[in-house]
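> okay, predicted coordinates and the sequence, questions at the end:
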Amino acid sequence: MRLVEPSLEWKEQHENYTEEWGLERMVPSSMDLSGFRSYEEYLKALDMRVQGKGQWVPSSHYFLVNNFNQIVGMIDIRHELNEYLRTIGGHIGYSIRPSERKKGYTSYLLKEALIICKELNIKQVLITCNEDNIGSAKVILNNGGIEVDLFITEEGLMKRRFWISLN
Ligand SMILES: CC(C)(COP(=O)(O)OP(=O)(O)OC[C@H]1O[C@@H](n2cnc3c(N)ncnc32)[C@H](O)[C@@H]1OP(=O)(O)O)[C@@H](O)C(=O)NCCC(=O)NCCS
């Protein structure tokens, strides 16, 4: 398993992941291909995020790739928190493709992400998950997450908030 950054090389795999994902809103949203006329256009928009331009804080984005060069997961690391990220989004967002879930890949993904956070000198990592997302909460807790509160969004969505200390 390894983490790779999105590039033209991964276009077909990314599209394949999107197809399997179906109609549900893509998580992380940075990996959502809808609304772009080409993959090149998508990569340009992603680069805006990476560089922290416009509304974005600087961020890193990776595919989790298996030994068959298939994308099995995706992860975002936001280097700083703004108002939205502090309450709802957190530093890290991730997903595993539906056919590869419950195989332990999230634990691997989160461990790798925490190493990157440490390199970025992030000392306290905020991760949130929907109240009913048992799998995600389990992995966060297993990786040292301390649950602090439940944030209720304007739409009534309940977000469990966890901090992981990297000191
Ligand atoms: C949340 C998500 C990433 C979990 O992926 P996964 O591949 O199932 O994760 P893992 O296999 O590493 O499972 C982690 C743990 O949760 C458990 N788990 C996973 N899904 C579960 C579920 N629906 N109910 C109960 N337990 C569950 C696993 O059994 C495992 O437990 P263990 O550590 O005791 O063995 C995946 O379901 C997903 O991509 N969901 C959509 C996007 C999303 O919600 N992202 C998270 C945003 S915070």
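Perfect, thanks for sending it. Numbering: from 1, shown residues only.

> list the strands paired with the strand or helix carrying residue 61, with their directions.
For residue 61, the host element (DSSP states H and E) is strand 59-65. With DSSP bridges as the test, strand 59-65 is paired with strand 2-4 (antiparallel), strand 71-78 (antiparallel).

> buried sites along the shortest one?
By neighbour count with 16 or more other C-beta atoms under 10 Å, strand 2-4 contains the buried residues residue 3. Every C-beta, even on glycine, is put in place using the N, C-alpha and C of the backbone.

> follow-up on the earlier one: would you turn the strands paired with strand 59-65 into TSV with distance to residue 164?
Formatted as TSV, the strands paired with strand 59-65 follow (distance: least, C-beta to C-beta, whole Å):
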stretch	distance to residue 164
strand 2-4	18
strand 71-78	12
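
> tell me which residues touch the residue nearest to residue 60 when sequence neighbours are not counted, please.
Spatial nearest neighbour of residue 60, excluding adjacent residues (C-beta to C-beta, 6 or more residues apart in numbering): residue 77 at 4.5 Å. Counting by C-beta atoms under 8 Å, 6 or more residues apart in numbering, residue 77 touches 59-62, 91-92, 113, 116-117, 120.

> is it true that residue 65 touches residue 5?
No. With contacts counted by C-beta atoms under 8 Å, residue 65 stays clear of residue 5, the gap being 10.7 Å.

> neighbour-wise, which of the two wins?
More crowded of residue 65 and residue 5, by other C-beta atoms under 10 Å: residue 65, with 17 against 12.
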